[in-house]
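Enquirer: Predicted model follows, preceded by the sequence.
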Number of protein chains: 2
Amino acid sequence: MHPNHEPSIINRSHRPVLAVDIGGTKILTAIVSPAGQVMAHCYELTRASEGPRAVIERLFACLDLLISRKNGNTSQFEAIALGTAGPLEQKRGLVTSSPHLPGWRNVPLRDIVYKRYHLDTYMINDAQAAALGEQQLGAGKGTQNLIFLTISTGIGGGIVINGRLFTGHDGSAGEIGHMTVDINGPQCNCGNHGCLEVMASGTAVARDACARLTRGDKSQLIEMVHGDLSKITAKEIQQAAEEGDTLSREVIDRAAFYLGVGLASLVDIFNPEVIVIGGGMSRLGGRLLVPARKVVRQRAFRLPARTVRILRARLGIFSGVQGAAIFALHQQERGEGET
Amino acid sequence: MHPNHEPSIINRSHRPVLAVDIGGTKILTAIVSPAGQVMAHCYELTRASEGPRAVIERLFACLDLLISRKNGNTSQFEAIALGTAGPLEQKRGLVTSSPHLPGWRNVPLRDIVYKRYHLDTYMINDAQAAALGEQQLGAGKGTQNLIFLTISTGIGGGIVINGRLFTGHDGSAGEIGHMTVDINGPQCNCGNHGCLEVMASGTAVARDACARLTRGDKSQLIEMVHGDLSKITAKEIQQAAEEGDTLSREVIDRAAFYLGVGLASLVDIFNPEVIVIGGGMSRLGGRLLVPARKVVRQRAFRLPARTVRILRARLGIFSGVQGAAIFALHQQERGEGET
């Protein structure tokens, strides 16, 4: 077999990886085996509002704790893998900024971590990490070409090609959420109009529901939030839809339509084996995915539309640490090949 | 270095490839050296209206002629590489259908060619072949990650990742022209609305010009086609624009805007080093690419937008045979690795 097609989960290392997933809500750190299994983990709230210094101190405390399980011996670990809410500048190891991490601006996180532990340290964004995790161990296990979308307040993504994470020239590949699907659509956080994110994210669903309620449409949502429309999120809409609320179902159908439009474009461009959908909105399950799949069948080319499976993510909270760890192991292997 | 990053132009074979580019207009066959140079070629009109059998007979005649230069000894060649107007079913080697090749329906071209010459035979679509040709020898030479678009009556594409053509799970990856950019846009040949192809191709430009003229706008185009608007193509519009015709310039600007919107999505998704634009519309040069680049800078993320270079294709008519030949050599190498 071509080296690209080796089942890449079989890593040459026998040492585990210290893996990190830093998001706006939690810092999840874990010891991940060379086969990608979580052997121990540490969960702590990010408390991001306290700024980068405090968050990094908390990260260190978690890592120290995990290292203490190996008698404080860092040489027991192959590498450190950082999955971080982006955008990142991968080559320089910077967190350039993040809507989820206030105060972070060009923080050289990779070097900061390296300086403390003197272990090879790798950084990717959290959606890229989850993409690789799902391809290696989750819904896409056994496939080689996979597209991952995480749909929650925004839409992030990651691309796996020939069993390896594809990060592009600067490490920023996979920003699927900002593909334009409706040039005349509403304005997105990124400044453009009609990005997939602004049409199909959790935020989009909430915005659409509020607009319909404001113009006088009826829904049990109003009662659920005691009349305070600002309290409506995708979660309430999901609950109401499950209880038969028509407006909530329509709002979800509309997001599913736009999701399908975006996925159809991805199917034509990538001809992937699998598209995996994670993030809070994926909890809608078939209510989101069944209509989205239908739009893909209608819009994409026949051959790739027939091939692609559109599945819900499986790994849950650990996808980021597992994927980041596998990425680090892949990079280590690549590095070995270089010497 | 990782095997993926070897300069892939250095092929192990010392034998040339018989390469073919079959389009609606021409059959181009060539002897291509392992370094990708055209050593001899044969050009013949396709006369596609005569149907698949006649076209394939003409193809055989061209190949026989090239083989006769090596004293009729097919063992002098490494492989046969077919670049064909799509859509194809790569795994089965079928030309499933093609708007440019009337009467072709599930033609097993790869097997037909193999049965005659008993040389390893590979098939990709013409835009994929041109993508690899431009990355290895043309505008993208020296890069590893490249997106290619050919813009003429339609918009085709090809994707090169880590120096290799990315063909997806069934070989159909790269259908960039059918990415939705305006869900409410005009209907495309594929049945969807607002594909990049229907907003920014040569056909789109001609349609837009005719619509403006029909509603009474003034332009020298009317004189150029002696009042027969059906005669207006991108070529006339280009000529008129160069001569200062306002309507023609506006029509091109509009196509360039939509092209930029599509390219910005690709930049966010792929973070490519280079995007190469070929096809008839690329003759517009800066008139198309300068405004498109501006839209990319405005719409795409800062980091990948700063990285990407958007260039005009360089190889011209030989991009297809050169790229197809290199693809065949890559596949042969991969095959060697498998044994």
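Expert: Arrived safely, thanks for sending. Note that the coordinates shown come from a computational prediction; the quantities given were computed from them, not determined experimentally.
Enquirer: State the phi and psi torsions of the residue of the stretch 51-200 of chain A found nearest chain B.
Expert: Closest contact between the stretch 51-200 of chain A and chain B, by C-beta to the nearest C-beta, is at A:Gly168 (2.6 Å). Heads up, the C-betas are built off the backbone N, CA and C, glycines and all. Torsion angles at A:Gly168 (phi, psi; degrees, to the nearest 10) stand at phi 80, psi -170.
Enquirer: ok, now which ones touch it?
Expert: Shown in contact with A:Gly168 (C-beta atoms under 8 Å, 6 or more residues apart in numbering or on different chains): A:Gly174, B:Asn145, B:Phe270, B:Asn271, B:Pro272, B:Pro304.
Enquirer: Any stretches of chain A with poor pLDDT?
Expert: Residue ranges of chain A with pLDDT under 70: A:1-12, A:336-339.
Enquirer: Could I get the full set of strands for it?
Expert: Under the criterion DSSP state E, chain A carries strands at the ranges A:17-22, A:26-32, A:38-45, A:80-84, A:88-89, A:94-95, A:121-125, A:146-151, A:155-161, A:164-166, A:274-278, A:309-312.
Enquirer: Out of the ones you listed, which is closest to A:Arg105?
Expert: strand A:94-95 (8.3 Å; C-beta to C-beta).
Enquirer: Wait, A:Asp245 touches A:Ser219, no?
Expert: Yes: in this structure A:Asp245 lies within contact range of A:Ser219 using C-beta atoms under 8 Å: 5.5 Å.
Enquirer: can you list residues touching both of those two?
Expert: Taking C-beta under 8 Å, 6+ apart as the contact rule, A:Asp245 and A:Ser219 have no neighbour in common.
Enquirer: give me every residue that touches the one residue in the stretch 201-339 of chain A that gets nearest to chain B.
Expert: As assessed by C-beta to the nearest C-beta, chain B sits closest to A:Asn271 within the stretch 201-339 of chain A, at 2.6 Å. By C-beta under 8 Å, 6+ apart, A:Asn271 lies in contact with A:145, A:303-304, A:307-308, B:167-173, B:175.
Enquirer: Relative to B:His169, how far out is it?
Expert: Per C-beta to C-beta, to the nearest Å, A:Asn271 is found 5 Å from B:His169.
Enquirer: what's the nearest residue to A:Val38 if we skip its chain neighbours?
Expert: A:Ala30 (4.9 Å; C-beta to C-beta, 6 or more residues apart in numbering or on different chains).
Enquirer: Just give me the neighbour total for the one you found.
Expert: The number of residues packed near A:Ala30 is 27, by other C-beta atoms under 10 Å in any protein chain shown.
Enquirer: got the contact list for it?
Expert: For A:Ala30, the contacting residues are A:18-20, A:38-42, A:66, A:318, A:321-322, A:325, by C-beta under 8 Å, 6+ apart.
Enquirer: Separate out the buried members of those residues.
Expert: Buried subset of those (neighbour count, 16 or more other C-beta atoms under 10 Å in any protein chain shown): A:Leu18, A:Ala19, A:Val20, A:Val38, A:His41, A:Cys42, A:Leu66, A:Phe318, A:Val321, A:Gln322, A:Ala325.
Enquirer: So the first one sits against A:Gly83, correct?
Expert: Yep, that's A:Leu18 we're talking about. No: contact criterion C-beta under 8 Å: A:Leu18 and A:Gly83 do not qualify, at 11.8 Å.
Enquirer: re earlier: okay, and the common contacts of A:Asn271 and B:His169?
Expert: Taking C-beta under 8 Å, 6+ apart as the criterion, A:Asn271 and B:His169 both touch A:Asn145, A:Pro304, A:Thr307, A:Val308.
Enquirer: Make TSV out of those residues and add neighbour count.
Expert: Below are those laid out as TSV (neighbours: other C-beta atoms under 10 Å in any protein chain shown):
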residue	neighbour count
A:Asn145	24
A:Pro304	26
A:Thr307	19
A:Val308	27
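Enquirer: I'd like those residues laid out as TSV, including distance to chain B.
Expert: Formatted as TSV, those follow (distance: C-beta to the nearest C-beta, whole Å):
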residue	distance to chain B
A:Asn145	6
A:Pro304	5
A:Thr307	5
A:Val308	8
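Enquirer: Nearest to B:Thr25 among those residues?
Expert: Proximity of these to B:Thr25 (C-beta to C-beta) peaks at A:Pro304, which lies at 27.0 Å.
Enquirer: Backbone dihedrals for the nearest residue to that closest one once chain neighbours are set aside, please?
Expert: The spatial neighbour of A:Pro304 that comes closest, neighbours along the chain excluded (C-beta to C-beta, 6+ apart), is A:Asn271 at 4.2 Å. A:Asn271 adopts backbone torsions of phi 50, psi 60, taken as degrees, to the nearest 10.
Enquirer: Repeat that for A:Arg105.
Expert: For A:Arg105, the backbone dihedrals are phi -150, psi 110 (criterion: degrees, to the nearest 10).
Enquirer: Go ahead and confirm it touches A:Ser98.
Expert: No: using C-beta under 8 Å, A:Arg105 is not in contact with A:Ser98; the gap is 9.3 Å.
Enquirer: Which one's more surrounded, the two?
Expert: With neighbours defined as other C-beta under 10 Å, A:Arg105 and A:Ser98 compare such that A:Ser98 has more, 22 against 12.
Enquirer: dump the residue contacts of the more buried one.
Expert: Counting by C-beta under 8 Å, 6+ apart, A:Ser98 touches A:Gly24, A:Thr84, A:Ala85, A:Gly86, A:Pro87, A:Trp104.
Enquirer: returning to that earlier point: would CSV of the shared contacts of A:Asn271 and B:His169 with distance to A:Leu288 be doable?
Expert: CSV is the format used below for the shared contacts of A:Asn271 and B:His169 (distance: C-beta to C-beta, whole Å):
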residue, distance to A:Leu288
A:Asn145, 23
A:Pro304, 21
A:Thr307, 21
A:Val308, 16
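Enquirer: quick one: which of the residues you listed is nearest to B:Leu284?
Expert: Checking those against B:Leu284 with C-beta to C-beta, the nearest one is A:Pro304 at 30.5 Å.
Enquirer: contacting residues for that closest one?
Expert: Applying C-beta under 8 Å, 6+ apart to A:Pro304 gives the contacts A:Val267, A:Asp268, A:Asn271, A:Pro272, B:Gly168, B:His169, B:Asp170, B:Ser172, B:Ala173, B:Glu175.
Enquirer: what do you get if the cut-off is 10 Å, keeping everything else the same?
Expert: Shown in contact with A:Pro304 (C-beta atoms under 10 Å, 6 or more residues apart in numbering or on different chains): A:264, A:266-273, A:296, B:87, B:168-173, B:175.
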